[in-house]
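A predicted structure for the sequence below; I have some questions about it.
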Amino acid sequence: MFYRRKFYIVRNEFVEVFNAHFNETNLPNQIKHGARLIGRWMIANDETTTEIFAIWEYDSYEKYKEIETNVRGDQEHVSRVNAWYDKHGGRDYVIKNYLLEVRNEQLETTLNESCFEGDFNNERNSVCNDE
């Protein structure tokens, strides 16, 4: 499995607009092309900004690249995204004034996966019984 964290620092006055865009535009297109959303959360960063991040799951890094290529190649989706940016002052304006930080990061597990039989609710096997 391949896990990705998409991370943003967003100005508070833009959080509602940004979340609506995710739910109405980005999420449906990601799912349409095979991405799996684990969850998306937000937390106040300071008085003026909010951290928003999503965790995505893919079968492999290769599958992630394939899905991203399909997402970015979906011309209807690209048109909707560009229209959204235009509605809010243009891509450069939105990035400079509202999306103060954006990161796309691979996540690596800290779990000894041999301790589980594919389901974290199952009993651990003998390799992990020493804990």
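The structure has been received and is ready for your questions.

quick one: the helices in this structure?
Using DSSP state H, the helices found in the chain span residues 15-21, 27-32, 61-73, 75-87, 91-97.

Put together TSV for these, with mean neighbour count, mean pLDDT and distance to Asn112 on each row.
For glycine as for every other residue, the C-beta is placed from the backbone atoms N, C-alpha and C. Converted to TSV, the helices of the chain look like this (neighbours: other Cβ atoms under 10 Å; pLDDT from 0 to 100; distance: least, Cβ to Cβ, whole Å):
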stretch	mean neighbour count	mean pLDDT	distance to Asn112
helix 15-21	15	98	36
helix 27-32	15	95	30
helix 61-73	14	95	21
helix 75-87	13	96	39
helix 91-97	13	96	40
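
Looking at those helices, which is nearest to Thr49?
helix 15-21 (9.0 Å; Cβ to Cβ).

Which neighbouring elements make contact with the closest one?
strand 49-58 (3 or more Cβ pairs under 8 Å, 6 or more residues apart in numbering; DSSP states H and E).

Would you check that Thr50 makes contact with Ile43?
Yes: under the criterion of Cβ atoms under 8 Å, Thr50 is in contact with Ile43, at a separation of 7.0 Å.
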